[in-house]
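[1] Sequence and predicted structure are below.
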Amino acid sequence: MPNIAFVNGRFMALAKARVSVEDRGFQFGDGIYELIRTYGGRLYHFKDHLERLEQSAQAIGLPFVYSTSRWKAVLEKAHAQSGYPDAKVYIQITRGEAPRDHSFPKKVHAGVIVTVRKLAPLRPELREKGASVITVPDLRWGRCDIKTINLLPNVMARQKARSAGAFEAIFVRDGLVMEGAGTNLFAVIQGRIVTPPKGPAILPGITRDLVIAQAREAGDPLMEKGITLEELLAAGEVFLTGTTTEILPVVKVDEKTIGDGKPGRITRRLYRQFLQTTRP
């Protein structure tokens, strides 16, 4: 089963995929991306991901090159060629190839890349025992709600977490926790589920929104508001959400044990509810 790429209209093995050194994605990080995962061969929440991709394109003035039906056809064909039931499907759109200049080119020929890779699930013990995270200063730019390919601060934060033996790095800005380098953040504070509100400081996660909707449907008290680092450390439960992370309990933040040091009751229930949505 091969890893597959789709580059500007052509399907090929990922190992053979190439882009020009003049592509503005390579030169400037001038582009956006989206990650969709599959469950049993089914693109999960495809329309929600595509809507977010289009919003990112609009935010940076980038043409949204394909219709919904065209995107779906490309993704499904690429996924079918890979043969992976559970896969990571990345979409990347750049402002395309042009002579190096900070200003936008007069004519934009957007670069479109899709890659399909086999999904390696998280280790079962992470879900059973919970993960540890660290906090780092938030040095990212002011529009984290745009899913841009310019991810160097996230890369550096995630590497710092790995070096510390932690699963994730949580960004802290002006005393408030924002989100992880590749995840959204939730805490259970005095029995209430709390998550930072949407806005320029966080990426509006698809899984985040799904968890919020499920919690509200179940009647759980939930609030979208700022969380201080002190509140996070004192929380009864903490968990992360993300496309490949799904819902992951956190039992330690900066060496501080969360709750009783085990995945909490609310987190475990939300994960069971989430799994129901992944079935055909």
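    Perfect, I can see it now. Please read these numbers as outputs of a predicted model, since none were measured by experiment.
[2] can you count the residues close to the residue lying closest to T244 once chain neighbours are set aside?
    Once flanking residues are discounted, T244 sits nearest to R37: 5.9 Å by Cβ to Cβ, 6 or more residues apart in numbering. For glycine as for every other residue, the C-beta is placed from the backbone atoms N, C-alpha and C. Neighbours of R37 under the rule other Cβ atoms under 10 Å: 21.
[3] correct me, but R37 touches V89?
    Yes - using Cβ atoms under 8 Å as the test, R37 is close enough to V89 to be in contact (7.0 Å).
[4] now I258: how far from R37?
    27 Å (Cβ to Cβ, to the nearest Å).
[5] Kindly report the same for A181.
    18 Å.
[6] List the contacts of the residue of the chain positioned farthest from its centre.
    When distances are taken from the C-alpha mean of the chain, K106 lies farthest, 31.8 Å away, according to Cα atoms, centre = their mean. By Cβ atoms under 8 Å, 6 or more residues apart in numbering, the contact set of K106 is empty.
[7] Quick check: which element contains it?
    According to DSSP states H and E, K106 maps onto no helix or strand at all.
[8] Tell me the confidence at it?
    pLDDT, K106: 92.
[9] Next, it: phi, psi?
    For K106, the backbone dihedrals are phi -60, psi -40 (criterion: degrees, to the nearest 10).
[10] Pull the contacting residues for L75.
    I36, L43, F46, V89, I91, V114.
[11] what's the distance between it and A110?
    17 Å.
[12] cool, A157 as well?
    For A157 relative to A110 (Cβ to Cβ), the value is 29 Å.
[13] Likewise for G264?
    For G264 relative to A110 (Cβ to Cβ), the value is 44 Å.
[14] Any regions of the stretch 151-280 of the chain where pLDDT drops low?
    Scanning the stretch 151-280 of the chain for pLDDT under 70 picks out no residues.
[15] Please enumerate the helices of it.
    152-163, 206-217, 229-233, 265-277 (DSSP state H, counting those that start in this stretch).
[16] Can you say which of those is nearest to E125?
    Of all the helices of the stretch 151-280 of the chain, helix 265-277 sits nearest to E125, with 14.7 Å by Cβ to Cβ.
[17] Tell me what angle the closest one forms with helix 206-217.
    110 degrees (axes from the mean of the first three to the mean of the last three Cα atoms, to 10 degrees).
[18] And for G236, the neighbour number?
    17.
[19] Tell me who's in contact with it.
    By Cβ under 8 Å, 6+ apart, G236 lies in contact with V188, I189, Q190, G191, I258, G259, G264.
[20] Would you format the residues you listed as a markdown table with neighbour count and distance to P137 included?
    A markdown table is the format used below for the contacts of G236 (neighbours: other Cβ atoms under 10 Å; distance: Cβ to Cβ, whole Å):
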| residue | neighbour count | distance to P137 |
| --- | --- | --- |
| V188 | 23 | 25 |
| I189 | 18 | 23 |
| Q190 | 10 | 27 |
| G191 | 10 | 30 |
| I258 | 26 | 21 |
| G259 | 19 | 26 |
| G264 | 21 | 27 |
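[21] and the spatially closest residue to I202 that is not a sequence neighbour, how far is that from V172?
    Using Cβ to Cβ, 6+ apart and skipping residues adjacent in sequence, the residue nearest I202 is E179, 4.6 Å away. E179 is 10 Å from V172, where distance means Cβ to Cβ.
[22] R162 now?
    Applying Cβ to Cβ to R162 and V172 gives a distance of 18 Å.
[23] How about I212?
    Separation of I212 from V172 (Cβ to Cβ): 22 Å.
[24] tell me which element V74 is part of?
    Assigned by DSSP H and E, V74 belongs to helix 68-82.
[25] Please point out which parts of that helix sit buried.
    Going by neighbour count (16 or more other Cβ atoms under 10 Å), the buried part of helix 68-82 is W71, V74, L75, E76, A78, H79, Q81, S82.
[26] What score does the fourth one have for pLDDT?
    Right, E76. Reported pLDDT for E76: 96.
[27] Tell me which of the contacts of L75 fall in helices.
    Under the assignment DSSP state H, the contacts of L75 contribute F46 to helices.
[28] Skip the chain neighbours and tell me the closest residue to V188.
    Nearest to V188 is E237, by Cβ to Cβ, 6+ apart, at 3.8 Å.
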